[in-house]
Every structure is written in C-alpha cells, then in structure tokens.
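K.L.:
generate coordinates for the sequence data below:
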Amino acid sequence: MYPAGDVQGSQVGFYLALPTCRCAHGFPALPLIATTVAFTVTEQLREGVEAVADWIYVDNSNVFIEGQRVSAVQAGMALDIWDALNNKILDHDYRMSFGKLYTFVAGTDPEETARAMLFGSRPPVNDAIWDLAKKAGFEVVTHDRNAANKEKKIDTGIVAALTRDAYRNAGEGDVFTIVSGDSDYVPAVEQLVADGFQVDVVFWEHAARELREACSNFISLNQHLAALRP
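P.N.:
Sure thing, here's the model as predicted:
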C-alpha cells in the first residue's frame, strides 16, 4: 500500500494492488482503485505504516534533479513543467532528505525491507553525501560519469539488480519499487509485470508516459515535495 498520486493537498491516498498481487501491507486488493485515507506524510510515518519485503531501487540524480524542476514550477520560476524542461529551469535551493524518501517508499521498519538500493554518480566525490544515504537505510552504488557527463551505468545497474532480485531472491507477493521516471526501464518493467511481478514506480508526475503505463501502480511525489525536504 502506497501513497497515491491523485489525492490533492496534504492528504495521502493509498493505491491497492491488482487482484493477482497482494499490496505491500497484505491488505485485500482491487483493480486500479484508490482509497483515500486522511494521513499527512508525517502522520503516515507516525502511525507506523510500513512496507513488507519491498525491493527498492532509486536513481538519485533523476529523482533529485527532477524534484528541483517540480519545485521551480511550484515556486513560480517556470510556467509549467514543460517550460521548466524545455528551458532547463531548476530550483537549485531544493533539497531532498534521504531519510524521508526512504520512509516514504519503504515504511518505518527497515527490517521489513528486503533491499533498498540508491544509485548515484561521481562527482560528487565527497563520501559524506553517500554516508547520509547509508545512514538512512540505503545500500549505495556509485558509478563514474562518462566523458559526456552522462550516467548510462545507473539505468543498466538498476535493471540488472532489479531483474536479478526478482528472479533469484524475491519471495511470493514481494513488491518492487523503482524511484525513477526514465523510459529506459520500460522493457524490464513490462517483462516483470508480464511474468506476474508487481512493479510500482514512485516519481514526479512528469515521468515518462510509457513507464507509467507499463508499471503496476504509479505513485506521484508532487504533492509531497515540501514534506520530503530535510
């Protein structure tokens, strides 16, 4: 059970999984139905809502940079998200808490999470930022950017870890969560879903349309922009 992307304001809804899958908390599932529960993100954490054996894969740069873009729109620095994308407008003051992101996708009990991986790139070479992610509960994997300053190993690394865990390590009914919005994940997600796995995507609303359509559930971060700040 995850915060749903179609609930306005500070309230959080919960997506229920497809009938062939149990949701992350073992609650009864209905197809594509969103039930609204009057929890703010803070209240959700305080009430001890937690995931069960989730497998989580975070593209750090992707979720952070696109969060800066969403923040730019909300701050009035861009007309809309497409203006921010086309004109490369970012709110460079926006920061995201590793701890709050972890709790949002994994719940409050790390013992109930099978694996939570955060993929980042160098630079930054300062290990302090990755130490913060580790303290929050993430297993951190870093790769060097290529000569064109691109992060191609991040996408392939997430796909490799996701598929290996799904076919070799996961238990029946386990829920997989990708925190990224790239269309590069679509083939892997489509295959896993076709094979009966529940693969959810947590990201900003402008995630690739193909990825939103391929995954089991899409959970928007937009209304939680402020709550995810440090």
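K.L.:
ranges for the strands of the protein?
P.N.:
2-4, 12-15, 34-37, 54-59, 113-122, 139-144, 175-179, 198-203, 217-220 (DSSP state E).
K.L.:
redo the ones you listed as a markdown table? Include mean pLDDT and mean neighbour count.
P.N.:
The way it works is simple: take the backbone N, C-alpha and C, and place the C-beta from them, glycine included. Shown next, in a markdown table, are the strands of the chain (pLDDT from 0 to 100; neighbours: other C-beta atoms under 10 Å):
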| stretch | mean pLDDT | mean neighbour count |
| --- | --- | --- |
| strand 2-4 | 38 | 24 |
| strand 12-15 | 31 | 22 |
| strand 34-37 | 27 | 14 |
| strand 54-59 | 94 | 25 |
| strand 113-122 | 89 | 20 |
| strand 139-144 | 87 | 16 |
| strand 175-179 | 96 | 26 |
| strand 198-203 | 96 | 24 |
| strand 217-220 | 94 | 22 |
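K.L.:
with distance to Val189 added, can I get the ones you listed in CSV?
P.N.:
As requested, those are arranged in CSV below (distance: least, C-beta to C-beta, whole Å):
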stretch, distance to Val189
strand 2-4, 16
strand 12-15, 16
strand 34-37, 20
strand 54-59, 11
strand 113-122, 16
strand 139-144, 19
strand 175-179, 7
strand 198-203, 5
strand 217-220, 11
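K.L.:
so which of those is nearest Ile158?
P.N.:
Ile158 lies closest, by C-beta to C-beta, to one member of the strands of the chain: strand 54-59, at 4.7 Å.
K.L.:
for the closest one, packing partners?
P.N.:
helix 98-106, strand 113-122, helix 152-164, strand 175-179 (3 or more C-beta pairs under 8 Å, 6 or more residues apart in numbering; DSSP states H and E).
K.L.:
among the helices and strands of the protein, which has the poorest mean pLDDT?
P.N.:
None of the helices or strands of the chain scores lower by mean pLDDT, DSSP states H and E than strand 34-37, at a mean of 27.
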